[in-house]
Structure formats: C-alpha cells, structure tokens
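Engineer: Quick one, what's the 3D model for this:
(chains A and B, ligands or ions: 2)
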Number of protein chains: 2
Amino acid sequence: MSPKALDYESLNENVKKVQYAVRGELYLRASELQKEGKKIIFTNVGNPHALGQKPLTFPRQVVALCQAPFLLDDPNVGLFFPADAIAKAKHYLSLTSGGLGAYSDSRGLPGVRKEVAEFIERRDGYPSDPELIFLTDGASKGVMQILNTIIRGAGDGVLVPVPQYPLYSAAISLFGGSLVPYYLEETANWGLDINDLRQSVAEARSKGITVRAMVIINPGNPTGQCLSESNLREILRYCYQENLALLGDEVYQQNIYQDERPFVSARKVLMGMGPPISKEVQLVSFHTVSKGYWGECGQRGGYFEMTNIPPKTVDEIYKVASVSLSPNVPAQIFMGLMVNPPKPGDISYEQFVRESKGIIESLRRRARMMTDGFNSCTNVVCNFTEGAMYSFPQIRLPPKAIEAAKRAGKVPDVFYCLKLLEATGISTVPGSGFGQKEGVFHLRTTILPAEEDMPEIMTSFKKFNDEFMEQYEDHRGYSRM
Amino acid sequence: MSPKALDYESLNENVKKVQYAVRGELYLRASELQKEGKKIIFTNVGNPHALGQKPLTFPRQVVALCQAPFLLDDPNVGLFFPADAIAKAKHYLSLTSGGLGAYSDSRGLPGVRKEVAEFIERRDGYPSDPELIFLTDGASKGVMQILNTIIRGAGDGVLVPVPQYPLYSAAISLFGGSLVPYYLEETANWGLDINDLRQSVAEARSKGITVRAMVIINPGNPTGQCLSESNLREILRYCYQENLALLGDEVYQQNIYQDERPFVSARKVLMGMGPPISKEVQLVSFHTVSKGYWGECGQRGGYFEMTNIPPKTVDEIYKVASVSLSPNVPAQIFMGLMVNPPKPGDISYEQFVRESKGIIESLRRRARMMTDGFNSCTNVVCNFTEGAMYSFPQIRLPPKAIEAAKRAGKVPDVFYCLKLLEATGISTVPGSGFGQKEGVFHLRTTILPAEEDMPEIMTSFKKFNDEFMEQYEDHRGYSRM
Ligand SMILES: Cc1ncc(COP(=O)(O)O)c(C=O)c1O
Ligand SMILES: Cc1ncc(COP(=O)(O)O)c(C=O)c1O
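Structural biologist: Ligands and ions are numbered 1, 2, ... in the order given. This is a model prediction of the structure:
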C-alpha cells in the first residue's frame, strides 16, 4: 500500500527541512532529565517568567479586569484595584467590540494600533500610520507572515545574520526559500561588515539566487550586539542600492545594558536619511510583549509596522491575516499598555517604574556577571552582552574533545552542551543551532536565571568546563578516569 | 528599476490567490458604512460576544485570577471570587511554568492536554493520548498547520465540502495545493452523498491530482447540517479505501439545535469500526473555545487531536509548532475549563449551567426564527439550522436581477448582499464566498443577533427582499423607479 498522507515519507519536504534548535535535542533531553527528577535550569529560551521574573503589576491588573468586566460594576472594586487600572480597563474594553471574547479586526484593534503608532512617533520623531501597523500573536507570527509573503520559491534568497535566531532559518525552510547567510564578526563585538554582506550577496547571485530581503536583529540574538546608527545607515543604503526589503527584528529594544550605543530603530534612521532612500526602502519592523521588562511571552502579543509598502501589498497581508481571523485580544491590550504605560502623576506610576527599573538593572548586572564568569573559564571567550537576553561564549574545544564528539556521533558543541546539561542541569543551546563559522564552537545561554542564583550557576559552569577542558587537553596522554 | 520584494507584482503568487470572503468586500463595505455612522448588524462572522452574548462568568473569574495571581494572596479575595474559581486558578497556575507570562511547551501545557484527553475519553468512550493533542491559537491555526504538513504542491488535492468555510480554500491556496470540491446536497438537507464524492475524486485524478485528504465540517458551516453516524461510517470507510487522511472540523460540536441527530465525533465512529479501519485511517480532529456556549473567539484557543498518525510525523508537527514558540497561555486555560467545567456540587455549578443552557436554548429558538423568517420571503428557501451558528438561505434571483448585477460588474449574490447591506445594515456573506453550484445563489448570516432583535431583523430583511424581488420580477415590464 502506498504511504498515507501523514506518513513521514509523504510529508511536505519543506516541513521536514525545518530546523529549530531552541527546542531541539538539548531541550528534549533536559525535559527528560526533569521528568526523572533532576533540577534543570532552563536557559535555552528567553522566557523570563519561567525563571522567576515577576510580571509587572499594573498591566496584569488591567487585563484581569478586562477578563472579568463584571468586577467593574462592583462597588468594592477599588479595594482590590487602583483607580488608574480600572480606568485603563474601561478604556481598553471600549476599544473592543464585545470585550476580550470577540474576534477583533484581523489587523488588531484599531484603538491599540493607534496607540502603537503614537509610541513609534514619540520614540522616533516621525509620524506613524496605524493602518500600516498589524498586531500579531507574538513577533514570531508576524515574521513568518512577512517571509511567506515575500518568498516565492527556492530561487528567492533572504539575507540572515549568522549567528541568528533560528526563527529565520526555520521560516525560510518552511516557505521553501533560500537562506543567504552573512557573518557577524565576533572579534568586532559581533559587528556587521558591509563588505562581508556584499560578498554573501555576490556568492548567492552567482548561484542564481535572487536576493530579495535582509534580516537584522537589533539588539542581536544570540549575539547581544547593538547596531550603531552609522551601521544602520550603511545597511539601509545597501538595501536601497541592492533593492532589498529590510526586516528589522527589534524585539529587544528595551533590553540595553550599556550606555554607549542606545537602541535606535531602523525606521528612525531610514526617515532621517531623507529621499530617495527614505521613500524607497521597504522596511518591516517587529516588536513584542515577550521581552523588555515585560517578559509576557505566554500572552503572545506583538506587532509589525510597514514602511514604504504599497497599499495593494498591505491589502494582501490583511487578507492572509484574515484567514486566521484575529490575533488574541488580551495580548493586544498588553501591547497597548506596553506602548502607553503609566505616566508621571498616575497612581500606579511609581510602582510601575520601580518594578520595571528593578528588572532592567538586575538584567544589566546579570549580563556582566555572566560575561565575566565565562571569561574566567579555560578556553572560553565571551563578548559582553550589550543588549537582548543572551550570552554567547565561544568554547574552544580541544581536538580530543572534537574526536570524542565524533565517536559519540554528535556535533562537537552539542556534545559539550549535553555533557554540561548532565553534569550541572544547565540547559543551553549549542551554537550550531544559530550558525557559526566552520570549526568555531559556541553555546547560548540566557542571562535570565535569578540574580541570586547566578554566582552558583557560574561556579558550577566553571567547574564543569574546566574539568572538561582538562580531560580533553592535548598535553594529557591518558584519560582522567 | 525592477519591482521591489514587497511590491504587489513580486509577491508570492499563492498569497495573491488566497480568497477569504468572510472578511471580504461585504465586510469592508460594512466597515465603511459603520464609520459613516450607519448602524450595522454584523452577521458575517460567528462572533457571539460582538453581538452581545455575555461570557460565562466562571471561566472569566478563573482566568482573571490567573492574570492577577497576587489577588490569590489577598485575604479578601473570597469577597470577589467564589472558592471554586480560586481553587481552579491555583490549579491551572500550578500547571504552568511561570504563570501566564511564560511560554508553554509548544504543544501546550501538558496538564491541560491531559484534561483534553480525559474529556475526549468521556465523550467518546475510547482512551485518548495527551501526547497526540496539541493546543493551538484557535482551531484556524491548527487546520493551517496540518494542511501545510500535508500539501507538497499543486499535485496534491484536498477534498473540501462545497459550500465550505473558506478557511479551507484559503489555506489550500496559501500552501499551493489543489482544492477538490465535493458538493453537499441542498435538497437532502445538505447531506453528503458518497457517490458524489467518488465522482469528485475520479475527476480530480483524471486531471493528475493525488487526492490525499478530506475535510468534513460537522456540524456544518455554512450549511448547519449534522452528520449522522452512518454517514460518518461511510465517509471513514471511503477514506480507508482511498487512502485519505480525514480532517474533522468539529468546532460546533456543542451547537446542536435538534434532537434527532446528536453530535457524534469522527473519532468515536472510527474507533467503533474496529480494525483494520480503526487502526489505519489517519484522522485529525479540531476543536475551539470560540464556539459552543463559550464564544470566546478573541481568546484564540483550540486544539487538534491526532489518531493513527505515526510518531515521526507527530515529531515533525511538534518541531514546526516550536518555531512560533507556544500557543497563548490564557486561552489554554479556557480550553482546560471548557473540557473540564464545574461539576454538580461545585459552588459555581448552578450558575454555570444556567448561563450555558440559557445561551444554547436561545440559539435554538433563534435558529428556528431565522429559518422560518427566510422561508416566509419571496424566492427564498432555507434548510433548518440543525447545528453550528449559521443560516444559509438560497436566494432565487430572477434573471433581471442577474442582469442588473452583471451591468454593475458584480457577482449576482454579491450584488444582492450589497443592496441588503445598504438598505438594512445587515452584513452577510454572499454564498459565492463558500462555493455553491453553478447558477444557484445563497447568502450566509449567523443566527447570533440578540433574540429580542431577531423579529425586527427578519422583518427588515423580508421587506428588503420582497421589494427586491418585486423590482426584478420578470412579469414587470418597467422599473419601479
Ligand atoms: C530575535 C527574536 N525575534 C523574535 C522572537 C519571537 O518572540 P515572540 O514571538 O514571543 O514575540 C524572539 C524570541 O525569543 C527573538 O529572540
Ligand atoms: C468551521 C469552522 N472551523 C474553524 C473555525 C475557526 O475558529 P477559531 O480559529 O476561532 O477556533 C471556524 C470559525 O468560524 C469555523 O466556522
């Protein structure tokens, strides 16, 4: 009998090609170990609440009230909820057509999209049009939709930084396009060199690929770098010259841990360049409620904003968004609150600032602790995490470790990360899941474990690493066991 | 200069091919009219809360508490929330790894998937495996994922009922497959005739199409029919013979308005057929929190359950689900509550039953009022809505109306529905958006307007329709104006 539609042999090949390391072999093994009772520190995914980060109080109050609108009629509601949360809940409910239980417009609630546009305008100093902002179930869904709109087949290439967040490689595989890698330079603090970019494009073109779009992740995941304004200008000029759409993944724009290179949006730089570039380069920018000091990953809220995208294309994107009816409404309200948080003078302002500052300042200290910790280990070098939520140390594996990995049938960094997991419970992602230069090995961890646990984690990491390095060190003629 | 990546000319052709009438021309025109101040009755989409249906109290209490877990520590929480809601909130929070703000496993929370499996077991009398249940952001996303897994290219066909809910045609276009229509028989209360099915498959095969899967919608949208057990048995036997995977869209399983044909799940019938069929036919069943007496559309919660799907395929589906990280967590809790609602003896039981019964009984009355209303109109015939949320009357357009439509450059049913909208504010979807036999015209409305508004709506419909029919009646030699 011929294979059935859902037998492995007969599945869509693009589905099979997808790779997604963040929840790959390491994650599955960690889940197994956890089931067996081992204490696992999940640093494989930027999921702050899973590692104990508390949600900000004010937005949770507002959304809880929106979920339970009957509380708003209760004369005692003021005992439990501050007046500004009550007012905000009424405000957001008034923007819906039937509360949180009604499908919204497929682009998201018009009133929230207006608040997003106002936020962008305040941030960048240039007006933004709510009709060009679509709310999404997390940034992931938006990225996937835009890539699906662009990619027509294997002849279409998308420039993706390497190392990259594997959403991009996965989505490009799923939609049957070609990933065109450009390498970030580790020795230049993971900076982007336009000459490298040119070379990648030339190489892709020589293979017959039409390079159509370029992805930047700023601040970077897994690399943590913040792009400078002048770097962004170079990129935009390059996109203009080469007729590339730019996808700007800016989900970590609130996660900045140094003062030299504050976040600047691609849109602001684009607008500042003036015509023709500012009128020509097609840009889609992505944001989320999952990151920053919000960390509301499980709510699945995001948006994308389109610049210089023709109306007919916007209509097509709207149409496809309609097929799944609407993004989830509670997360739309989180997005509204994120772009329009309590203001000085509001009852909840002080608490909101205290909570959010506390989170960012602690992340800044943790970024430092991790970088320093890694750099104190044998054969480990690590750039400082300028932004985002990750540390991406290079692990210089001795030849014997690489041989041992081969014997075990593992990619060397996977081999190292599995050993680390078994020894310490620290669940990381091997660098090969993000792409890295040939023969160079990394791992990615988040900087999210609780600050008070950090010293212990780094000690346990160092102990494992230094023993591992000793075991496989070349000068030793015999195994340690 | 060559077109840019996001210019209309250069978009993915499959994106352009997508059609989605539920939010198409009629909806856009209705939105415009609403902006201009006209009162619109949105019956274009099954969105109960948008038409005034109140959410069930208990689940909203539970999810509000989960959003604001600090309330659980408040000694006065019992003043606002019943003890069983508090207990349930604690229960669901304990199933998460960090509350609603943490990404869950990409398949959904294991604890909720277990509750879904128990629900299915209670409903059908056969055990269900939580590992084969994936939670999704609404049923739409699940359907899209499964179709994307199956469809490899234009040579792959998927059988879809006509008329159908356009999610199916849209997703098949988007993924580049071929829709193979099979017609439901209006004169047999929209029943499914296996001989018709055979003919559709033969025809598709003669065109070189490999028919790989079949969709059933039970209860039907837009047609409202409930499939009988014997009909389901025939369908499953056919799938077995023809090596088709079956996609069972059962989102309306709680929406039943007659007693002769209660809902029976495809899975129950399959299991009851015994081997080899029960072991061979690949089935994926879909459900949602958007329908039933819940109507929590905006929350975006759903699940799919896989039967006879090999583990390697399940792994692939898991991998692709991982790319967008996790379904939204609040809606997962709604799903848990839907499959595991208050029980006799619980504090909230009586209220829950009162509210849910009230909704279903009113829907039943409204289904009757609509059918009767349509059947009282000139040139309109309408089957009774056995289930789901829609009425799908046939509109027998006189030749002169068809000519007038042509002159206006409109499809005849679009022409009629636009006139209806302008005259009455009733926003429907033309039958052509769902597919209908050549030369036959319908419209779809939901049965969701408030019961007390129903007489007025039907009167206003009748007035418009009967005047329209008179205007275009053949025996009149002159126009009414
Ligand atoms: C660079 C980057 N982009 C996008 C996302 C997606 O986030 P979400 O879908 O939760 O908004 C992530 C998540 O980790 C990320 O790291
Ligand atoms: C037949 C059918 N299937 C699936 C859906 C999708 O519903 P949701 O994505 O809200 O679960 C709908 C919505 O109207 C429907 O009518």
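
Engineer: Every contact and neighbour count from this point should use C-alpha atoms.
Structural biologist: Noted.

Engineer: Look up phi and psi at residue A:159.
Structural biologist: In this entry, residue A:159 is assigned phi and psi values of phi -70, psi 130 (degrees, to the nearest 10).

Engineer: Could you check how far it is from ligand 1?
Structural biologist: Counting by CA to the nearest ligand atom, to the nearest Å, the gap from residue A:159 to ligand 1 is 15 Å.

Engineer: With residue A:450 instead?
Structural biologist: Separation of residue A:450 from ligand 1 (CA to the nearest ligand atom) stands at 18 Å.

Engineer: How about the contacts made by the residue nearest to residue A:254 when sequence neighbours are not counted?
Structural biologist: The shortest distance from residue A:254 to any non-neighbouring residue, by CA to CA, 6 or more residues apart in numbering or on different chains, is to residue A:292 (4.7 Å). The contact partners of residue A:292, taken as CA atoms under 8 Å, 6 or more residues apart in numbering or on different chains, are A:251, A:252, A:253, A:254, A:255, A:360.

Engineer: Turn these into a markdown table, including pLDDT and neighbour count.
Structural biologist: Formatted as a markdown table, the contacts of residue A:292 follow (pLDDT from 0 to 100; neighbours: other CA atoms under 10 Å in any protein chain shown):
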| residue | pLDDT | neighbour count |
| --- | --- | --- |
| A:251 | 98 | 25 |
| A:252 | 97 | 26 |
| A:253 | 97 | 22 |
| A:254 | 96 | 17 |
| A:255 | 96 | 25 |
| A:360 | 95 | 18 |
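
Engineer: Which of those residues lies at the shortest distance from ligand 2?
Structural biologist: residue A:251 (26.1 Å; CA to the nearest ligand atom).

Engineer: residue contacts, that closest one?
Structural biologist: With CA under 8 Å, 6+ apart, residue A:251 has these contacts: A:139, A:218, A:219, A:286, A:287, A:288, A:290, A:291, A:292.

Engineer: These in helices, which ones?
Structural biologist: Of those, the ones assigned to helices by DSSP state H are residue A:139.

Engineer: Can you narrow the contacts of residue A:251 down to the ones near ligand 2?
Structural biologist: The subset of the contacts of residue A:251 within reach of ligand 2, counting by CA under 6 Å from any ligand atom, is empty.

Engineer: with the contacts of residue A:251 in mind, which one is nearest to residue B:312?
Structural biologist: residue A:139 (28.3 Å; CA to CA).

Engineer: any idea how far the nearest residue to that closest one once chain neighbours are set aside lies from chain B?
Structural biologist: Sequence neighbours aside, residue A:302 is the residue nearest to residue A:139 in space, at 4.8 Å (criterion: CA to CA, 6+ apart). Here the criterion is CA to the nearest CA, to the nearest Å. By it, residue A:302 lies 12 Å from chain B.

Engineer: Likewise for residue A:375?
Structural biologist: Distance from residue A:375 to chain B, by CA to the nearest CA: 30 Å.

Engineer: tally of neighbours for that residue?
Structural biologist: Counted with other CA atoms under 10 Å in any protein chain shown, the neighbours of residue A:375 add up to 18.

Engineer: okay, now the residue nearest to residue A:139: neighbour count?
Structural biologist: 26.

Engineer: Would you confirm that it contacts residue A:289?
Structural biologist: Yes. The criterion here is CA atoms under 8 Å, and residue A:302 meets it with residue A:289 at 6.0 Å.

Engineer: Spell out which residues are contacts of both of those two.
Structural biologist: Common neighbours of residue A:302 and residue A:289, counting by CA under 8 Å, 6+ apart, are A:138, A:331, A:335.

Engineer: hmm, back to that, switch the contacts of residue A:292 over to a markdown table; also include secondary structure and distance to ligand 2.
Structural biologist: As requested, those are arranged in a markdown table below (DSSP: H, G, I helix; E, B strand; the rest coil; distance: CA to the nearest ligand atom, whole Å):
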| residue | secondary structure | distance to ligand 2 |
| --- | --- | --- |
| A:251 | coil | 26 |
| A:252 | coil | 29 |
| A:253 | coil | 31 |
| A:254 | coil | 32 |
| A:255 | coil | 33 |
| A:360 | helix | 36 |
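
Engineer: Which of the residues you listed sits closest to chain B?
Structural biologist: Of all those, chain B sits closest to residue A:251, with 14.3 Å by CA to the nearest CA.

Engineer: distance of that closest one from ligand 1?
Structural biologist: 6 Å.

Engineer: how does chain A divide up, domain by domain?
Structural biologist: A:8-39+A:353-480, A:94-339 (automatic domain parsing).

Engineer: Pick the most buried one from the ones you listed.
Structural biologist: Mean neighbours per residue, mean count of other CA atoms under 10 Å in any protein chain shown, is largest over these for domain A:94-339, with a mean of 21.

Engineer: measure that one end to end?
Structural biologist: Terminal residues of domain A:94-339 are spaced 18 Å apart (CA to CA, to the nearest Å).

Engineer: near chain B, which residues of the stretch 201-350 of chain A show up?
Structural biologist: Counting by CA under 8 Å from any CA of the partner chain, the residues of the stretch 201-350 of chain A close to chain B are A:212-213, A:243-245, A:282, A:295-300, A:309-310, A:312-313, A:316, A:319-320, A:322-330.

Engineer: For ligand 2, give me its nearest residue in the stretch 51-200 of chain A.
Structural biologist: residue A:103 (7.8 Å).

Engineer: What does the pLDDT read for the closest residue to that residue other than its chain neighbours?
Structural biologist: Counting by CA to CA, 6+ apart, the nearest residue to residue A:103 once its immediate chain neighbours are dropped is residue B:298, at 4.3 Å. Per-residue pLDDT puts residue B:298 at 98.

Engineer: residues contacting residue B:298?
Structural biologist: Contacts of residue B:298 by CA under 8 Å, 6+ apart are A:100, A:101, A:102, A:103, A:104, A:326, A:327, A:328, A:329, A:330, B:290.

Engineer: How is it assigned, secondary-structure-wise?
Structural biologist: helix (DSSP: H, G, I helix; E, B strand; the rest coil).

Engineer: Tell me how far it lies from ligand 1.
Structural biologist: Taking CA to the nearest ligand atom, one finds residue B:298 at 18 Å from ligand 1.

Engineer: And residue A:240, by the same measure?
Structural biologist: Taking CA to the nearest ligand atom, one finds residue A:240 at 23 Å from ligand 1.

Engineer: Tell me the confidence at that residue?
Structural biologist: pLDDT, residue A:240: 97.

Engineer: The helix or strand encompassing it: what's the following helix or strand?
Structural biologist: Element membership of residue A:240 [criterion: DSSP states H and E] is helix A:229-242. Next in sequence after helix A:229-242, counting helices and strands by DSSP H and E, comes strand A:245-249.

Engineer: Name the residues that touch the helix or strand following that next one?
Structural biologist: Proceeding N to C from strand A:245-249, the next assigned helix or strand is helix A:266-273, under DSSP H and E. Residues outside helix A:266-273 that contact it (CA under 8 Å, 6+ apart): A:124-126, A:229, A:232-233, A:236, A:248, A:277-278, A:281, A:283, A:285, A:307.
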